[in-house]
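Participant: The following block contains a protein sequence and its predicted model.
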Amino acid sequence: MEVTLRRFDLSDVDAMMAWASDPEAAAFCRWEPYESTEHLLAFIRDTVLPHPWFRAICLAGDSRPVGAVSLVPTADACRGELGYVLARAHWGKGVATAATKRALTTVFGEVPGLERVEAFVDVDNPASQRVLEKAGFRREGLLRRHYWHKGRVRDLVIYSFISSDLLLG
């Protein structure tokens, strides 16, 4: 599966609304599904556009976003946290894996000092765990009762990818 990553634009709001409003697509995300275009537009304007590394996932030959991938800086400049979301219509087709691989080959060159990318996945989200494993991440362990998510305490699996892993792939 061939994908491209690009910066978001305000004009992406309608395409983004298709998946950002989907309760199933947002089930494991830290945000609730968007109910209005106005709220999503504000999120794009106030959070996505100024974000240092928040990209639209597009299928090759099509500029409409079918998902998003981001790298959130941590307190340590050498680490960043990867997150992604994808429209349900594209689940199970290799799109998330391709986007994750493309993100990895890009972020190490674009984010100064980055040595480690981490991803935290809910234990009840095996599909996302497979995405990371296929993209070359290593499962490091289980974080028991690690965070509060949508009304209950959740266990997370932590994955990592370090800059020297690029040489192995």
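Facilitator: Nice, thanks for sending it over. Numbers count the residues shown, from 1 in each chain.
Participant: For this structure, give me the ranges with low pLDDT.
Facilitator: Scanning the chain for pLDDT under 70 picks out 149-150, 167-169.
Participant: nearest residue to Ala96 other than its sequence neighbours?
Facilitator: Closest residue in space to Ala96, ignoring its immediate chain neighbours: Val131 at 4.5 Å, by C-beta to C-beta, 6 or more residues apart in numbering. Backbone N, C-alpha and C define where each C-beta goes, glycine included.
Participant: Show me what the helix or strand encompassing the one you found is packed against.
Facilitator: Using DSSP states H and E, Val131 maps to helix 126-134. Applying 3 or more C-beta pairs under 8 Å, 6 or more residues apart in numbering; DSSP states H and E, we find helix 126-134 packed against helix 95-110, strand 116-122, strand 138-149, strand 152-162.
Participant: which neighbours does the third one have in its sheet, and in what orientation?
Facilitator: This points to strand 138-149. Applying DSSP bridges, strand 138-149 is found paired with strand 152-162 (antiparallel).
Participant: Just the angle for the strand it pairs with relative to helix 95-110, thanks.
Facilitator: 60 degrees (axes from the mean of the first three to the mean of the last three C-alpha atoms, to 10 degrees).
Participant: Can you point out the buried residues in strand 152-162?
Facilitator: Within strand 152-162, the residues scored as buried using 16 or more other C-beta atoms under 10 Å are Arg154, Leu156, Val157, Ile158, Tyr159, Ser160, Phe161, Ile162.
Participant: Look up which residues are beta-bridged to the third one.
Facilitator: Counting by DSSP bridges, Val157 forms beta bridges with Val121, Leu142.
Participant: For the helices and strands packed on helix 126-134, give me a markdown table that also has distance to Ala60.
Facilitator: Formatted as a markdown table, the helices and strands packed on helix 126-134 follow (distance: least, C-beta to C-beta, whole Å):
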| stretch | distance to Ala60 |
| --- | --- |
| helix 95-110 | 9 |
| strand 116-122 | 23 |
| strand 138-149 | 28 |
| strand 152-162 | 23 |
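Participant: what's in contact with the helix holding Val131?
Facilitator: Applying C-beta atoms under 8 Å, 6 or more residues apart in numbering, the external contacts of helix 126-134 come out as 28, 84, 91-92, 96-97, 100, 119, 121-122, 139, 157, 159.
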